[in-house]
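**Q** Predicted coordinates and the sequence they were generated for:
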Amino acid sequence: MIDPRGESDGSGETGCFNEKAVFVAALALEGDEREAFLHGACPREADRVRVRKLLERHAEASTQGLRAKAEQADGASDADPGDDGAAEEFALPHRIGDFELRREVGRGGMGVVYLARDLTLDRDVAIKMLEPRFGATSKFLAAFKQEAVLASQLRHPAIVPVFRFGDHEGRPFIVTPYIEGETLRERLRTTSESPVSAPDTRAWRREVARVVATIAEALDRAHAEGIVHRDVKPSNIIIDSAGRPHLLDFGISMRAGDGQSLLPVAQMGSSAYASPEQTDGGPIDGLSDVFSLGVVLFESLTGQRPFHQADRAADAKRALAPHAPHARRVDRSIPVDLDVICQKAMATARDDRYQSAAHVAADLRAWLADRPILARPDPMPRRVGRWVGRHRALVFSSTAAIVALVASAIGFWIAQDPRPRLSLEGVPEDARIVIQPLAVPLGSPDGEPFEVGERTRLDPGWYRIVVIGGDGAQAEFSRWLAPESTTRLAVRSVARSKAIEGMVRFDPAEHPPHPTSVSFPGASLAEPFWIDRREVSNAQYEAFVLDPATDVPPPPHWDGPRCPEHWRDLPVVGITWAEARAYAEWAGKRLPTIAEWLHAASGSEGRRYTTTEPVGSAADLGVIFVGDAPGSRVLPSVQSATIPESWLAYQEHVRPVHDPGGGIADRTPEGLLNMYGNVREWTDSVPFHEDGLAPARMIMGFCWQMRGREPFLMAVTREQPIEFRIICTGFRCARSEPTPSDTLTEATP
């Protein structure tokens, strides 16, 4: 930060107040930011009054008087600004070489930005010109050229490229693409002025996470080239008409390790977003941009800045900046993971921050995909230790008091209940919430079900959560609850008549599995359940994607939010396990377990695959024919599920989910279609794993790409990572039979 007071003359009194430096820095700020800066930069009220008068005169375009006042206060400038001062603004349209200026679109710390037309290439461009008052100052000229040089070296979709650097009548300019859109600052202003509903708030938070993740990836690219932006803030992020964010203004950027930059952040940037090392003169590198990015994320989520600029100016001589408040203390509805990401990015100690912008992007992308983030909130002992470190004098002078305080803090920490929290939103007033413990790894019931309230704590583990309304409407979830975590679920109840439409009921008590049926250790089956007669189709999944309440992206191979018309009755494939689970919950259902899928497919007769009997008798016996013999419906395997030929084969060979009529062999006696060779199907069962819940799920059955082998049991299983998108993997849903209330325990564990 610049020192506005000059240096000491040795008498103990502060030397001459650098009025010009403060004035130039204040020009880049507006409103409350400018006032906060003046309070921190001016030692006396009289100094603030003088600078305000200079700013007022500047606003009235009295530029010659301003220069004379600034030079009188500072002694002499580092370069003669010339006689013409701030040149008159252009009469638009105005021609500059091959470019015709059309209109002014914005002003920054150093320049004016115009919309212009490239007359040679017939395209719109943006031209940023250095303001006349900076044109004769060597430091500003060098910084303006540095912006062009550094930005031109970067290649990333979210970084605006530089087309050209030139000079017009002594005023340098930079030519870049013209981006039609609005800045994140303008978006924040619009959001604050127009209150949004709960679904809109959720969509806004996802939009913020996506924008900040993209900018973080752009910054990581810049950092890889050794370039630090140093001025990351909402007004330097523009979102185009297609929703793509772009990072602007490398005007005060620098190369990491260069030491002194051309312009200090307090002079041209906004210290409300500056890291502690930027205001304290510490080492500047990519971690400073990470801090600023955290401030942008915090402000976008809460509508407030975590730091007030006046407070940061007062702390400029200290190594520690104030700790950022938790975003959830401003708004309790903000997801915990987003709050943790903000705290990690804005950590005062550099070693406690994300160590790269790529890590910020990775955690935000994980949150958007409903996956666990890597960052974790600081435990209580570490927070207490940091507090003690900041108050060493108090510790040494009041040892007894500090010991008591630490003991109290540790006692409070130990007293906290470490069990995970479960919180459900939107539960109907007359609904029951039934918890069924599940066994790891295969997800079969493990213990008696019990009833809980909307807010409860449970022991860590795997649970099926069923919300049963008084009218029979039901919502189901399957979740792993980790220690010291909070799981929030939005309940969307679906009427029973709608949910079980197109499903078949199985009751193991009435029709137990055949003794020769395939089974897995720990995959037990005792309770009745429902399972879809058909695989989920592209048309059904399209309705899920188009529902405004879901905010789920379409499968990548659809090329848009709607499925291809000729695919509507084909099974949806190429989606992740998390997307399949989300659809099932949207439909008031869940994914089946291995035990349920096996029982539905093999029945009480213990049906198996075969390649030895004719198709007709196989159908009569409930035994399905697959293989290479005449009449087989399983085709040679396609080499890759990602090449275009795979999708052509999918269209040609996969069966529709509905019975086309005329009778097919792939129908069980209970009426289930396509369980024996159309697509493989996701289940909710986790494979055996030594470390607990594995990041994978079991898929069941054959698919149209597989060759038959003799003999084949029904249990054709495979472990598949939950993030994989496989062309031959689809799914069907299951649903629990409501548990009678008289069998439930009344107390929660």
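**A** Yes, it's here. Numbering: from 1, shown residues only.

**Q** Provide a list of residues in contact with the nearest residue in space to Gly294 that is not next to it in sequence.
**A** Distances taken as Cβ to Cβ, 6 or more residues apart in numbering place Ala345 nearest to Gly294, at 2.7 Å, with adjacent residues excluded. All C-beta spots, glycine's among them, are computed from the backbone N, C-alpha and C. Contacts for Ala345 (Cβ atoms under 8 Å, 6 or more residues apart in numbering) come out as 290-291, 293-294, 297, 353-354, 360.

**Q** what's the most distant pair in these?
**A** Greatest spacing in those, by Cβ to Cβ: Leu297 and Arg353 (12.9 Å).

**Q** So which of these two has more stuff around it?
**A** Between Leu297 and Arg353, counted using other Cβ atoms under 10 Å, the more crowded position is Leu297 (26 against 22).

**Q** That one touches Arg210, doesn't it?
**A** No: Leu297 lies out of contact with Arg210 (Cβ atoms under 8 Å); the separation is 11.5 Å.

**Q** buried residues in the longest helix anywhere in the chain?
**A** Secondary structure assigned by DSSP state H gives helix 198-224 as the longest helix of the chain. Neighbour counts over helix 198-224 (16 or more other Cβ atoms under 10 Å) mark 201-202, 205, 207-223 as buried.

**Q** quick one: which of the contacts of Ala345 is nearest to Phe450?
**A** Using Cβ to Cβ, these come closest to Phe450 at Leu297, 39.3 Å.

**Q** so what's the closest one up against?
**A** Leu297 touches 208-209, 212, 338, 341-342, 345, counting by Cβ under 8 Å, 6+ apart.

**Q** which one of those is nearest Thr486?
**A** Proximity of the contacts of Leu297 to Thr486 (Cβ to Cβ) peaks at Leu338, which lies at 12.5 Å.

**Q** follow-up on the earlier one: show me what the longest helix of the chain is packed up against.
**A** Using 3 or more Cβ pairs under 8 Å, 6 or more residues apart in numbering; DSSP states H and E, the elements in contact with helix 198-224 are strand 237-240, strand 245-247, helix 286-302, helix 357-368.

**Q** So Pro513 belongs to a strand, correct?
**A** No: with DSSP: H, G, I helix; E, B strand; the rest coil as the criterion, Pro513 is coil rather than part of a strand.

**Q** Of all the helices and strands packed on helix 198-224, which one is nearest Ser333?
**A** Closest of those to Ser333 is helix 286-302, at 10.0 Å (criterion: Cβ to Cβ).

**Q** contacting residues around Ala696?
**A** 686-687, 689, 719-722.

**Q** Tell me how far it lies from Trp462.
**A** Per Cβ to Cβ, to the nearest Å, Ala696 is found 14 Å from Trp462.

**Q** With Gly603 instead?
**A** 28 Å.

**Q** Show the subsequent helix or strand relative to the longest helix of the chain.
**A** strand 227-228 (DSSP states H and E).

**Q** from what I can see Arg185 touches Ser235, true?
**A** Yes: counting by Cβ under 8 Å, Ser235 is a contact partner of Arg185 at 4.2 Å.

**Q** For the stretch 501-650 of the chain, which segments are assigned as helices?
**A** Taking DSSP state H, counting those that start in this stretch, the helices of the stretch 501-650 of the chain run over residues 538-546, 577-586, 594-602, 615-621, 644-653.

**Q** Going by mean pLDDT, which of those comes out lowest?
**A** Lowest mean pLDDT within these: helix 615-621, a mean of 33.

**Q** May I ask which helix or strand of this protein has the lowest mean pLDDT?
**A** In the chain, no helix or strand scores lower on mean pLDDT, DSSP states H and E than helix 615-621, which sits at a mean of 33.

**Q** Mind telling me what element Gly166 is part of?
**A** strand 164-168.

**Q** what's the average pLDDT for that strand?
**A** The predicted model assigns strand 164-168 a mean pLDDT of 83.

**Q** Name the residues of the helix or strand following it that come out as buried.
**A** Going down the chain from strand 164-168, the next helix or strand is strand 171-177, by DSSP H and E. Of all the residues in strand 171-177, those buried under the rule 16+ other Cβ under 10 Å are 171-176.
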